[in-house]
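Q: predicted model and sequence follow; I will ask about them next.
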Amino acid sequence: MKKVLAIILSLVMMLTCSGIAAFADDAAVEENVPETNESINISDIAADLFSTDLGIDNVIRPLSHIDVSSADAFATSMTKVLYGIVDLLIDAIVGAINLAAPSKEFVDCEDYATENFYEGYETFLDEPAAGAKWSLGYSSASIQTGDELDGNHYVGGSLSLDKYATAIMDDQRVRVISIDDGSGRGAVVFACIDAFGLALPDVREIRERLTYFAEANGIASINISVLHQHSCVDTYGMNAPLLKAIGINPLANIYNKFAENDIELVTGKNEAFMENLFIVTTRAIRESYENMEPGKLYFSETDVSEYIREKREPITCDWDLNRLRFVPDNDANRETWLFNGPIHCVGAGAGGTDVTGDYPYYMEQYINKHADANFMLILGAELAISSDYTLIPDGLAPFEDIKVYGEALAKKVIETNAPETEVEPLLNIRFREYEIPVTNQILVFAAKMGIVTNLAVKHNALGTDMAVVTEMGYMELGKDLAVAIVPGELEPAIAYGGALDETNSYRNESWDYPSMQEIIGNDRELLVFGITNDQVGYILTDNDYSSIISGVNEEIVATGDQAGSTTIVAFQELIDSIR
C-alpha cells in the first residue's frame with residue numbers, strides 16, 4: 001500500500017502545471033463569475049482553499065499529549081508526533097495536487113437532486129396487522145460472463161498497478177430475498193452480491209431499471225449489499241490500472257469539460273461485466289418477488305467466536321452467526337436461511353488475482369447439500385474482523401482451506417442446539433440520505449480522477465470541500481429484532497458500545513455518542529447489515545482515526561475522521577423521525 005501511495009504521489013505531481021492551466025477554465029469557477037464581468041474575488045478563493053482539512057491538528061494534538069511517565073510512553077507519544085508530521089505533509093502535497101489536477105465534474109451540494117431513493121414505510125406498526133403472515137421469495141444467479149480472463153477484468157480488494165484476473169476458482173453470484181409481512185405496505189427486497197463493493201450510483205442504476213416493476217407491485221424498498229470479497233471481479237473501480245488511469249483520466253477530464261460527448265474514464269470496472277451484473281441482478285430481484293410464498297420466520301444465534309479474529313481495539317464484536325430461517329407452509333419447498341455475521345471475506349488475501357467467492361460460496365454448497373436450504377449472507381459490523389483459521393488443519397492445498405473454513409461454519413450452524421424463536425409477522429423499515437465529509441485527501445484524489453465512483457458533491461467552487469452522499473436505514477423484524485442498515489464497514493463499537501476512551505484512543509479524545517443499541521433501546525436486539533446500498537469504506541470512531549502510516553490499513557480507505565460521528569448522528573435523526 002505504501003509503495004502504491006509513493007507511486008501515485010510521484011506520478012501525479014506532473015499534473016500540477018497542466019492542472020493550473022485547466023483550472024483557469026474550470027466550469028466551477030466560471031459559475032462564480034459575477035454577471036458584471038468583474039474579476040473573481042481572490043479572498044473567496046482563499047477561503048475555499050482553507051476550507052480543506054490541512055491536518056495541522058494531527059501535529060498539535062499529539063504534541064499536547066506527550067506522556068513522560070516512562071521511556072516507552074514517551075517514545076509512543078513522539079512516534080505519534082512524527083506520524084502527524086508525515087500525515088500533514090501527505091495532506092499538503094495531495095491537497096495541492098487535488099487543487100491543480102484536472103478533475104471530473106461534481107454536483108454542487110445545493111444543486112443535488114435525489115433520484116431512485118426508497119424511503120421505506122411511511123407508517124411504522126407496533127403490532128402485526130390483522131391476518132398478517134410472512135411471505136418470502138428467494139432467487140440466486142451467477143453474475144460471471146465467461147470473459148473474466150480476457151485481461152480486461154480486474155480483481156478488487158487492494159490498490160494495485162495491474163491486478164487483472166488470472167484464474168476462476170469458483171462462482172461469483174447474486175442472492176436475493178423479497179419479504180413481506182402481509183400488512184399491505186409493500187414488499188422489501190435485499191440482494192447481496194459477491195463483490196468488493198458497489199457504489200451508490202450503481203445501486204441506484206439497479207433501482208432505476210426496476211422502477212416500473214416496483215411501482216406495479218408496490219415494492220417499498222430495494223437494497224443491495226456486497227459480501228466484500230477481496231477476490232472478485234472489481235465492481236467498485238478502485239482497482240483501476242493506476243498508471244493508465246493517472247495518465248489518461250486528467251486529459252479526459254479536461255476534454256469532458258468542453259465536449260458534448262464525454263470520454264469514459266479509466267476505472268477498475270469492466271463495462272460489459274457491470275452491464276451483465278445489472279441485468280442479472282434485476283432479473284433475480286423480479287424472480288425473488290415472483291417466488292414469494294407464505295410461511296413462518298424463525299431467529300437463532302450460533303456462537304462462532306472460535307472462527308473470528310478481531311484485529312483492532314476495542315475488542316467489540318457480534319460473535320454469532322445470526323440466522324433468519326424461513327419455513328414455507330408448503331413442506332415440499334425449500335427453506336431459506338438468511339445469515340448475518342461480521343467475518344471479512346479475505347481467505348485468498350487482498351492482493352491475489354484468482355477469482356473466488358471465498359468462504360460464503362462453500363457455506364452455500366454445504367447448506368444446499370446437507371440442509372436442503374437456500375443460502376444468503378449479509379455482513380455485519382466488520383471493521384477489522386477477519387477469519388480465524390486456528391481450527392482449520394495445516395498443509396491444505398491453496399483454496400482448500402477456504403472451503404474447509406466455509407464448511408466448518410455451515411456445519412456448526414446445522415448442528416447447533418442454539419434456541420430458536422419465532423418472529424412475529426411485523427416488518428418496519430425506513431431510510432434517510434446523509435452526507436459524510438471527505439477529509440482523506442487520497443480518496444479526494446481518487447474521486448477526482450474517477451477511480452472511485454461514489455456519489456460525491458462539492459461544498460465550494462474549487463471542490464476542496466467534498467462530501468459523499470449515502471444512505472442509512474433502520475428495520476424492525478417482529479418485536480424483538482432491529483437492524484441498522486449501514487453503507488460501509490462499521491466499527492462494532494459504534495453499534496454495540498465499548499468505544500475507546502480518552503486515555504486509550506489514538507487521538508486521546510473521548511467518544512461522546514450513544515451506541516446504536518442505546519439509541520433504539522435494549523428491548524430489541526440489534527443486528528447490522530453492513531456495506532448495503534453503498535461502499536463508503538471504513539466507518540471509525542472519530543477519536544480513534546489514526547495515521548495512514550501507523551501500521552493499520554483502515555484509515556487509508558476511509559472517507560476521513562468524521563465518518564463515525566456523521567453516521568451515528570444520522571442514525572439518531574432517523575430513529576427520531578420514526579415515532
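A: Nice, thanks for sending it over.
Q: any stretches of the stretch 451-579 of the chain with poor pLDDT?
A: For the stretch 451-579 of the chain, the stretches with pLDDT under 70 are 551-552.
Q: what are the ranges of the helices in it?
A: Secondary structure of the stretch 451-579 of the chain (DSSP state H, counting those that start in this stretch): helices at 492-496, 516-520, 563-576.
Q: also the stretch 251-400 of the chain?
A: For the stretch 251-400 of the chain, the helices defined by DSSP H, counting those that start in this stretch occupy 271-290, 358-370, 400-415.
Q: may I see the buried residues of the second one?
A: What that stands for is helix 358-370. Across helix 358-370, burial judged by 16 or more other C-beta atoms under 10 Å covers 358, 359, 360, 361, 362, 363, 364, 365, 366, 367. Yep, even glycine has a C-beta here, placed from its N, CA and C like the rest.
Q: returning to that earlier point: kindly reformat the helices of the stretch 251-400 of the chain as CSV containing mean pLDDT and distance to residue 187.
A: Formatted as CSV, the helices of the stretch 251-400 of the chain follow (pLDDT from 0 to 100; distance: least, C-beta to C-beta, whole Å):
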stretch, mean pLDDT, distance to residue 187
helix 271-290, 98, 6
helix 358-370, 97, 23
helix 400-415, 96, 26
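Q: hey, which of those helices is tucked in deepest?
A: Ranked by mean neighbour count, these are led by helix 358-370 with a mean of 22 (mean count of other C-beta atoms under 10 Å).
Q: on that earlier part again, hey, which of the helices of the stretch 451-579 of the chain is tucked in deepest?
A: For these, the largest average neighbour count (mean count of other C-beta under 10 Å) is found in helix 492-496, namely a mean of 25.
Q: show me what it packs onto, helices and strands only.
A: The contact analysis (3 or more C-beta pairs under 8 Å, 6 or more residues apart in numbering; DSSP states H and E) places helix 492-496 against helix 516-520, strand 525-529, helix 563-576.
Q: distance of the nearest residue in space to residue 409 that is not next to it in sequence relative to residue 217?
A: Nearest residue to residue 409, sequence neighbours excluded (C-beta to C-beta, 6 or more residues apart in numbering): residue 363, at 5.6 Å. Per C-beta to C-beta, to the nearest Å, residue 363 is found 31 Å from residue 217.
Q: got it, and residue 382?
A: According to C-beta to C-beta, residue 382 stands 33 Å off from residue 217.
Q: which one's more surrounded, those two?
A: residue 382 (26 against 15; other C-beta atoms under 10 Å).
Q: and that one, how far is that from residue 531?
A: Residue 382 sits 8 Å away from residue 531, going by C-beta to C-beta.
Q: show me the common contact partners of these two, please.
A: Taking C-beta atoms under 8 Å, 6 or more residues apart in numbering as the criterion, residue 382 and residue 531 both touch 228, 489.
Q: measure stretch 534-550 end to end?
A: Using C-alpha to C-alpha, to the nearest Å, the end-to-end distance of stretch 534-550 comes out at 27 Å.
Q: please point out which parts of it sit buried.
A: Using 16+ other C-beta under 10 Å as the test for burial, stretch 534-550 gives 534-549.
Q: can you tell me which of the residues you listed is nearest residue 352?
A: residue 535 (19.7 Å; C-beta to C-beta).
Q: what about the longest helix in this protein?
A: helix 71-100 (DSSP state H).
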